[in-house]
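Student: Need coordinates for the following:
(one chain, ligands or ions: 2)
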Amino acid sequence: MPNNILISPSILSADFADLGAEVRAIDAAGADMIHIDVMDGHYVPNLTIGPMVVKALKPHTEKPFDVHLMIAPADPLIQAFIDAGADYVSVHPDAGPHLHRTLQAIKAGGAKAGLVLNPGTHPDVVDPVIDELDLILVMSVNPGFGGQSFISSQLDKIKILADKIKASGRDIILEVDGGVNPVTSQQCIAAGATALVAGSAVFKGTGSYSENIAALRHQSMATSKVA
Ligand code: DX5
Ligand code: ZN
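Tutor: Numbering: from 1, shown residues only. Ligands and ions are numbered 1, 2, ... in the order given. All right, here's what the predicted structure looks like:
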């Protein structure tokens, strides 16, 4: 079991009036990546962050920007997000007509490519494109909003995808997004996740940002001591 779980706090739950300070704070608190939820009011019923905000945040941290595009079509805006500072760009398979071409465009543009699976998306969607992927993002809520409850049926999908990644022999991050808290994080890690997105649990949790991030990793550290 991996002992270096990556934590990618979602700034969707941060103070939007003070995003630069929030990004600096989660960086100092031990975040490994910064998860940026981009919503277009069309693919999902919410409207959030565009490339201009991503560019404005870039000087506030050296941690990779993990940009989750919930927009359709995605293709016309991919390069703008990469130019703004996206290190990982993840797209939903139904956000455009030619998924393979979209993933190639992300890599040609200079970023790492991710594919996002909604709770209703079959894990086999990764099969034809796994050679193009640097990251697979399993949604454990339906996309659009922070603060929703973890959908436990996605744990089996995480296991299936962990096996597919292992069989591919490729170095692909397996990230889970939605309803991740100190309890569900351990279920995700046990199922094979190697990265966790958390909005509410980091920004609205009971402790400091540092304590909240540590709580998401806690069991993985204990497990690594046993192993
Ligand atoms: C939902 C977003 C998530 C969300 C997670 O569409 O993709 O990243 O911010 O928020 P929590 O951790 O509160 O479920
Ligand atoms: Zn997200």
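Student: quick one: what helix or strand has the most centrally placed residue in the chain in it?
Tutor: Central residue of the chain (C-alpha atoms, centre = their mean): Val197, 5.2 Å from the mean position. Assessed by DSSP states H and E, Val197 sits inside strand 195-198.
Student: Next, count neighbours for the nearest residue to the residue nearest to the centre of the chain once chain neighbours are set aside.
Tutor: Leaving aside its sequence neighbours, Val197 sits nearest to Asp177 (C-beta to C-beta, 6 or more residues apart in numbering; 3.8 Å). Using the backbone N, CA and C atoms, a C-beta is placed for each residue, glycine as well. Using other C-beta atoms under 10 Å, the number of residues around Asp177 comes to 27.
Student: Quick check: bridge partners of Asp177?
Tutor: In this structure, Asp177 bridges to Met139, Val197 when assessed by DSSP bridges.
Student: Can you check the pLDDT for it?
Tutor: On the pLDDT scale, Asp177 is placed at 98.
Student: so what's it up against?
Tutor: By C-beta atoms under 8 Å, 6 or more residues apart in numbering, the residues touching Asp177 are 10, 35, 68, 116, 137-141, 197.
Student: Filter those residues down to the buried ones.
Tutor: Neighbour counting with 16 or more other C-beta atoms under 10 Å marks 10, 35, 68, 116, 137-141, 197 as buried within the contacts of Asp177.
Student: So which of those is the closest to Pro59?
Tutor: Nearest to Pro59 among those: His35, at 18.2 Å, using C-beta to C-beta.
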